Each structure stands twice: as structure tokens, then as C-alpha cells.
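[1] structure for the following, please:
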Amino acid sequence: MNMLRKGLSSFVILIAFSAFSQFSLNAVHTNFLPKKKWLNVSVTKTGPYFGYQRGKYNVGELGVEGQYKQIKLSKSITHAGQLGFNYNFTRNVLGCDIGYWVKPSRLGLTYGARLVFRTDFDRNKMGFAPVIGYKLYGFHLQTGYYFLSNSAYTMETNTFFVSLRFTLVNNRDVDVDKKRSLFERKKSK
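    Numbering: from 1, shown residues only. As a prediction, the model looks like this:
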């Protein structure tokens with residue numbers, strides 16, 4: 001117990017010193033302050049998605065997804081949240097997924113996680129799934145593994161899966177926040 005207290009107090013002191021040193025650097029050296037952007041553009045897209053999931057079983061997917069993208073020249077980041085249902089027609093298993101993924105660059109992979117609920121209308125399972133994928137235009141290919149609860153009984157549902165989704169964008173909102181004109185001259189004091 002004493003060792004745990006010492007470790008926790010050391011961690012708190014380390015965090016405090018790193019926070020104070022960051023503030024002092026910004027106060028002394030203005031080069032470390034974030035630069036003001038002259039144009040800030042973001043895009044919000046929402047719409048339904050249709051998908052197919054393949055693992056041990058074939059599963060159809062239907063849901064809604066919302067994406068938020070900060071437009072930048074070098075590092076454009078996309079965040080998305082989703083809520084969907086899936087159904088295995090041959091095994092009569094219904095599922096609900098709530099997920100989040102992030103795409104940290106224009107051409108990179110997507111990383112995310114899902115909270116899942118599965119039922120065969122007799123028993124239920126809950127769990128989560130870390131996912132990795134690739135998104136291009138409206139198509140999103142993901143793979144992951146479902147960690148489900150209650151392993152005492154088996155449910156005929158996928159554990160390792162690959163899914164392909166297509167998002168149909170119904171609503172697109174472009175937000176442009178113009179800080180100052182690119183060719184505006186600085187006013188002298």
C-alpha cells in the first residue's frame with residue numbers, strides 16, 4: 001500500500017512539473033505559442049450506411065454515421081461516430097453497435113472501437129471491439145475482433161470479422177471561419 005502511494009504521488013508530481021514547465025515556456029518564448037490560422041474550414045457529414053460483415057457468419061448491417069473533418073493542408077483529421085444494427089438471417093442473431101473511429105491523415109488507416117450488444121432472443125451478450133480499417137470516398141473496409149461477455153455459452157455470432165460499408169451522405173455542412181484576409185496588410189501602430 002505504501003509503495004502504491006509513493007508511485008501515485010510521484011506520478012502526480014511529474015504531471016504537475018510538466019504542466020508548469022509548459023506554461024513557463026509559452027510565457028518566455030512566444031515561438032512556442034500556436035500560430036494563428038488565417039482560414040479554418042471544417043466539414044460535417046451525416047447519413048445512413050449499408051454494409052456487409054463477413055466472419056464465420058454472413059451479417060447485413062444498417063445504421064447512421066456522422067463524420068467531422070477539419071480541413072488542413074498537411075494533417076487533415078476525420079472523426080466519426082456511428083450507431084447501427086446488424087442481423088444474421090440464417091442464425092437469427094440481432095446486434096446493435098455504437099462506435100467511434102478516427103482517421104489521422106488523408107491516406108492513412110482508420111482506428112476505432114465499438115460497443116456491441118448481441119441477442120439470439122434467448123440469451124444476450126455485450127462487449128467491445130477494437131477495429132482498424134481503410135476509408136476511401138464512401139466505402140469503409142474494417143476488420144476487428146469482438147470481445148464478448150458470458151463465454152459460458154456459445155452464440156452463433158462473429159468474433160473475428162471483416163466488414164465493408166458504404167455511407168450515403170445526406171447532409172453536408174461546410175463551416176468556414178475566416179480569421180483575416182490572406183492579402184490584408186498589417187496595420188501599423
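[2] below-threshold pLDDT in this structure: ranges please.
    1-38, 178-189 (pLDDT under 70).
[3] look up which helix or strand the residue nearest the centre of it falls in, please.
    What sits nearest the mean C-alpha location of the chain, by C-alpha atoms, centre = their mean, is Trp101, with 2.0 Å. Element membership for Trp101 (DSSP states H and E) is strand 93-103.
[4] that strand pairs with which strands, and in what direction?
    Note on strand 93-103: by DSSP bridges, its sheet partners are strand 77-88 (antiparallel), strand 110-119 (antiparallel).
[5] let me have those strands in JSON lines, extended by distance to Gln70 and mean neighbour count.
    To be clear about C-beta, it is placed using only N, CA and C from the backbone, and glycine gets the same treatment. Below are the strands paired with strand 93-103 laid out as JSON lines (distance: least, C-beta to C-beta, whole Å; neighbours: other C-beta atoms under 10 Å):
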{"stretch": "strand 77-88", "distance to Gln70": "6", "mean neighbour count": "17"}
{"stretch": "strand 110-119", "distance to Gln70": "15", "mean neighbour count": "18"}
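[6] now what about stretch 60-77, what contacts it?
    By C-beta atoms under 8 Å, 6 or more residues apart in numbering, the surrounding residues in contact with stretch 60-77 are 41-53, 78-87, 89, 97, 102-106, 163, 165, 167.
[7] do that again at 6 Å, thanks
    Stretch 60-77 is contacted by residues 41-46, 48-49, 51, 53, 78-87, 104, 106, 167 when judged by C-beta atoms under 6 Å, 6 or more residues apart in numbering.
[8] cool, stretch 104-118 as well?
    76-77, 95-103, 125-135, 146, 157.
[9] show the buried residues in those residues.
    76, 95-97, 99, 101, 103, 125, 127-129, 131, 133, 135, 146, 157 (16 or more other C-beta atoms under 10 Å).
[10] what's opposite Thr167 in the beta bridge?
    Tyr49.
[11] wait, doesn't it sit right on Tyr49?
    Yes - Thr167 lies in contact with Tyr49 (C-beta atoms under 6 Å); the separation is 4.4 Å.
[12] which of those two has more neighbours?
    Ranked by neighbour count (other C-beta atoms under 10 Å), Thr167 and Tyr49 place Thr167 first, with 24 against 18.
[13] and Asn150, that one's in a helix?
    No - applying DSSP: H, G, I helix; E, B strand; the rest coil, one finds Asn150 to be coil, outside a helix.
[14] any idea how far Asp97 is from it?
    According to C-beta to C-beta, to the nearest Å, Asn150 stands 18 Å off from Asp97.
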